[in-house]
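Trainee: Next input, structure requested:
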Amino acid sequence: MIWSVFVVVVQRAKASKTWPASFDHTRLICKTLMASPAQQLPPGWAAEWNPEHQRYLFIETATGHTQWEPPAPAGPQAPIDAAPAFTGPSHSKRRQYASGQTQAYYGTADDNSLMASSQMQQQPPQLFTPGLAQPGFAVQQQQAPSYHEGAQPEYINGPEQQPMYGQQDPNALAGQFSQMGLGGPKPFQLYTTNLLTSPPDPRDLSLPPPEIRLPPNASISPSPTANAHCSYQRCTLNAIPTTSSLLSKSKVPLALVLAPYRTLDPGEAPVPVVTDTVIARCRRCRTYINPYVQFIDGGNRWRCCMCNMSNEVPQLFDWDQARNQPGDRWSRAELNHGVVEYVAPTEYMVRPPQPAVYVFLIDVSHGAVQSGMVATATRTILESLDRIPDEDSRTKIAIICFDVSLYFFSLPPPTDDTPAEPSMLVVSDIEDVFLPKPTDLLLNLSEARKGGALEGLLGRINDMFKENTVIGSALGPALQAGFKLMSPIGGQIMVLSASLPSVGVGALKNREDPKVLGTSKESGLLQAASTFFKTFAIECSRAQVSVDMFLFSSAYQDVATLACLPHYTSGQTYYYPAFNASRPEDAVKFAHEFGEVLAMPIMLEAVMRVRASRGLRMASFHGNFFVRSTDLLAMPAVPQDQGYAIEVQIEETITAPFVVFQTAVLHTTCYGERRIRVVTQALPTTSNLSEIFASADQIALATLLANKAVERSLTHKLEDARDAVFNKLVEILQTYKGSMTAAGAGASAQLAIGENLKMLPVLVLGLLKNVGIRQSAQIPPDIRAYAQALLTSMPAQLLIPYIYPNFYSLHNMPPEAGTVGPEGVIMPPPLPLTSERFERHGLFLIEDGQTIFLWVGRDAVPQLIMDVFDLPSYDVLRGGKITLPILENSFSQRINAIVQKTREMRRGPYYPHLYVVKEDGEAPLRLWALSALVQDRADVLPSYQQFVGSLKEKVNGNGGY
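Mentor: Residues are numbered from 1 along each chain as shown. Sure thing, here's the model as predicted:
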């Protein structure tokens, strides 16, 4: 392969007639390739061979600066010739394209680069065959070795990587290799920082992940969307180690962080949909065709980027069915986009697509009615009827109320547009649950609304039970009844419960014990107390039934056990402790979140599988789903903006220059269409430890560590979970110090880490201080269990602020903050999370996506209090939940705009409460707000400076945290 490249270069050198005809060009080039880079360096540079990395290290003698890349020469760059055009035969089976038609996809080449010799200029115009896209494209695809066959040029990453050619520009030949698709991508540049002297900058968390640097021509499409955006799928490493031993040496875990069904941002284009049902998949590994495959055999076949299998291109792949004419292959969505959705043909269905089904189980016991939950829930359902997905008029709905009995509501179909009168059927036998009526319990939403019958029923339910004095909850039997009602179809059960299940199957006991909190036995309170809920969840998963839990109790409710149902059925848990609808803030929060969930266009009867290139295997899975087989994840209903983490193992040496991960979610839309969402991500491979560290994604790493910490706290102890997270961070820092710094294995006065991982220690500290796993004897088990449910289900965009909140100064914010800019409301600059930034006369905002705190300093001037709260002075201001007034002054309007933007700027249905916290106010509220400042010392938990100090001691082998 190398020899053929040399022949091309020799022929061009001879053609230039700058050397005598008798000159032995080939011998000179072979000698040049063996030459040391030191002979071709610009003045002031030296090259030193590094035996550990098997490559040259370049040193600038004046400054001592070192780098792996060859320094650029001082002279001008020599022109680079393009590869010769393809002159192979055309194929009659495929539509022929004039080569100029593809310039929209591959750019325009000038005449000189397209015509490399006079012989080529005399040839007739070339025709383009799909799969052979540009001049030189066929040479790259057919003559060059496949990226996946392991045949790489010997000079890649070897000591001959920087040859000398005896010409003015030493990079000219290397540039020609790159132009022919043979050169490697630009290597990652690793920048080291000292954690002891560079404090965390919150703005770093909004930076994009490390750049994905794929080899030239890895993608058949130049589209910038050929690789999936990191909001859909991101990897902890953006350069994949070629061997398992190299990955183990780095100590950085390899995992994918997914949110395949996220909501679109305002103004964002929707996911492209392939509607012609022509789906090209690999015959062997079942990978979907994507921008990283290779077309061969004149475009009639394609080579899989996962397993190298050669596959036929479907006959209709180049046919535009909408216009009934030949289509342009290169405009197909699946070849230009890393995220695409297919309309699935009938072979992807085991039954007709199911309709959306919603069964509401509403607790009507005394406490639920008195708290206002029943009235708020029924009113929210009533107001959301127009928002519930029902475009095809197939959506079904049922309402079952329960205390210690079950209350079914029957609504016969209307006759002659006269609404039928609903009837209530009571089932008191909860030991053997049955449906009191075979029909009219599960209602077609459109029919039930005719004449306002359903609206009338929802408006009367609260009045029916407002005098109810029954205390007790038959939640288990109610779940069984809802399951019987919908199991032939599938759908969503939405549970609204305000008390601990106390009678019937699944009854629970109050196991809250203050003496256990903070001890090694506390993790037992976070595990399910009854096997019923996990067993029932698996039954639900098998029948395509998902469960969402809305929990409201003011007393212990065993969130840990009840959250099992959403966890295994791909649902979600929502918790409203001490809910009281007489407080407008409580009612607004629940109504907003419940309404958003009802309006959500969920995926139904879904299964998800992640495929990867040869040598990679999905090892373990984290998130809300049930693992049906080794790698098939069952998801009866997929809500938007749910996150998942999947750990990846390297099983064999990877020889390809890049690998591909592809996530496929087969599902039914809530509008009755079977679809497949495919998310494809390509990442380069590396055998270089420095590139592994330079490509690490701190956001993905923190998300993975949060999932693993929660899992370990349930299988072991909370202390074990904290230790595991801390030790993983220490391992990464130790490896970095030993391999990437001059200190090596010895003690160091610094604590070194790559610039791209600078925020990882403070994210880990935030995780260790999060309510989900924090060391404390004061956290109620329900609060801790709910925090753990959030940690394992939120996507990275929501999870990162949950463990490292945002902190703003409002009283002295820039004049543009709170006003509307080109991208919406402008936020103030974020501050480090330390109380050192507090000022006694100031107003500050702290938020973690679940709660917003407005911190008011004790010396705040009366004018500030008047402008924001419409009160005369600080003394009459009360702390606690608040609805901020909108006043006739610009400062009030800017503060309200910032609070509103905080509630809306992230994906998901959450609507955080707003609390006013006075500097000298109630101690519990003040301590809660201060606990969000994770860089401060709190109780037994260290400050950031102490944490980094203990990390340094541990990394140097002297103990630690």
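Trainee: quick one: the helices in the stretch 701-850 of the chain?
Mentor: All helices of the stretch 701-850 of the chain, identified by DSSP state H, counting those that start in this stretch, fall at 718-740, 760-768, 781-791, 796-803.
Trainee: Mind listing what's buried along the longest one?
Mentor: This points to helix 718-740. Residues of helix 718-740 classed as buried by neighbour count (16 or more other C-beta atoms under 10 Å): 718-719, 721-726, 728-737, 739-740. Where C-beta positions appear, they are placed from N, C-alpha and C, glycine not excepted.
Trainee: what about this protein, any weak spots by pLDDT?
Mentor: 1-40, 49-54, 61-65, 68, 72-186, 416-419, 745, 958-961 (pLDDT under 70).
Trainee: Could you rerun that using 80?
Mentor: In the prediction, the chain carries residues with pLDDT under 80 at positions 1-188, 413-420, 742-748, 958-961.
Trainee: Pull the contacting residues for Trp855.
Mentor: When the contact criterion is C-beta atoms under 8 Å, 6 or more residues apart in numbering, the partners of Trp855 are 838, 842-846, 917, 919, 929.
Trainee: I meant Leu757, not that one.
Mentor: Leu757 neighbours (C-beta under 8 Å, 6+ apart): 693, 696, 698, 701, 732.
Trainee: ok, now Asp265?
Mentor: For Asp265, the set of contacting residues under the criterion of C-beta under 8 Å, 6+ apart is empty.
Trainee: got it, and Cys401?
Mentor: Residues in contact with Cys401 (C-beta under 8 Å, 6+ apart) are 361-364, 407, 409, 461, 465.
Trainee: Need the max-distance pair from the residues you listed.
Mentor: Across those, no pair lies farther apart than Asp363 and Phe409, at 15.2 Å, counting by C-beta to C-beta.
Trainee: higher neighbour count, these two?
Mentor: Set side by side, Asp363 and Phe409 give different neighbour counts by other C-beta atoms under 10 Å, the larger being at Asp363 (29 against 21).
Trainee: Is it correct that that one is in contact with Ser473?
Mentor: Yes - the pair Asp363 and Ser473 passes the contact test of C-beta atoms under 8 Å, sitting 6.1 Å apart.
Trainee: related to what we said a few turns ago, of the contacts of Leu757 - the most surrounded one?
Mentor: Ala696 (27 neighbours).
Trainee: CA atoms only for stretch 890-900, dumped as PDB, please.
Mentor: Coordinates of each C-alpha in stretch 890-900 appear next as PDB, following Å, rounded to 0.1, in the frame of the first residue of the first chain:
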ATOM      1  CA  SER A 890     -37.300  47.400  35.700                       C
ATOM      2  CA  PHE A 891     -35.400  45.600  38.500                       C
ATOM      3  CA  SER A 892     -38.400  43.600  39.500                       C
ATOM      4  CA  GLN A 893     -39.100  42.700  35.900                       C
ATOM      5  CA  ARG A 894     -35.500  41.600  35.300                       C
ATOM      6  CA  ILE A 895     -35.500  39.400  38.500                       C
ATOM      7  CA  ASN A 896     -38.800  37.800  37.400                       C
ATOM      8  CA  ALA A 897     -37.400  37.200  33.900                       C
ATOM      9  CA  ILE A 898     -34.400  35.500  35.400                       C
ATOM     10  CA  VAL A 899     -36.600  33.300  37.600                       C
ATOM     11  CA  GLN A 900     -38.800  32.400  34.700                       C
END
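Trainee: Give me the distance from it to the chain's centre.
Mentor: Relative to the centre of its chain, stretch 890-900 is centred 30 Å away, using C-alpha atoms, centre = their mean, to the nearest Å.
Trainee: Buried residues of it, list them for me.
Mentor: Within stretch 890-900, the residues that count as buried by 16+ other C-beta under 10 Å are 891-892, 894-899.
Trainee: Check stretch 41-60 too.
Mentor: 41, 45, 47, 53, 55-56, 58-59.
Trainee: same thing with stretch 227-247?
Mentor: For stretch 227-247, burial by neighbour count (16+ other C-beta under 10 Å) applies to 227-242, 244, 246-247.
Trainee: what does stretch 945-953 give?
Mentor: Neighbour-count burial for stretch 945-953, with 16+ other C-beta under 10 Å as criterion, is recorded at 947-953.
Trainee: Now the two most distant members of the residues you listed.
Mentor: Phe947 and Glu953 (10.9 Å).
Trainee: can you tell me which residues contact Arg712?
Mentor: The contact partners of Arg712, taken as C-beta under 8 Å, 6+ apart, are 720-721, 724.
Trainee: er, Ile800 actually
Mentor: For Ile800, the contacting residues are 205, 699, 702-703, 763, by C-beta under 8 Å, 6+ apart.
Trainee: follow-up on the earlier one: what do Asp363 and Ser473 both touch?
Mentor: In contact with both Asp363 and Ser473: 402-403, 497, 499, using C-beta under 8 Å, 6+ apart.
Trainee: quick one, helices of the stretch 301-450 of the chain?
Mentor: Ranges of helices in the stretch 301-450 of the chain, per DSSP H, counting those that start in this stretch, are 366-370, 373-384, 445-448.
Trainee: re the thing from before, any idea which of the contacts of Ile800 is closest to Lys509?
Mentor: Comparing those against Lys509 with C-beta to C-beta places Thr703 closest, at 35.0 Å.
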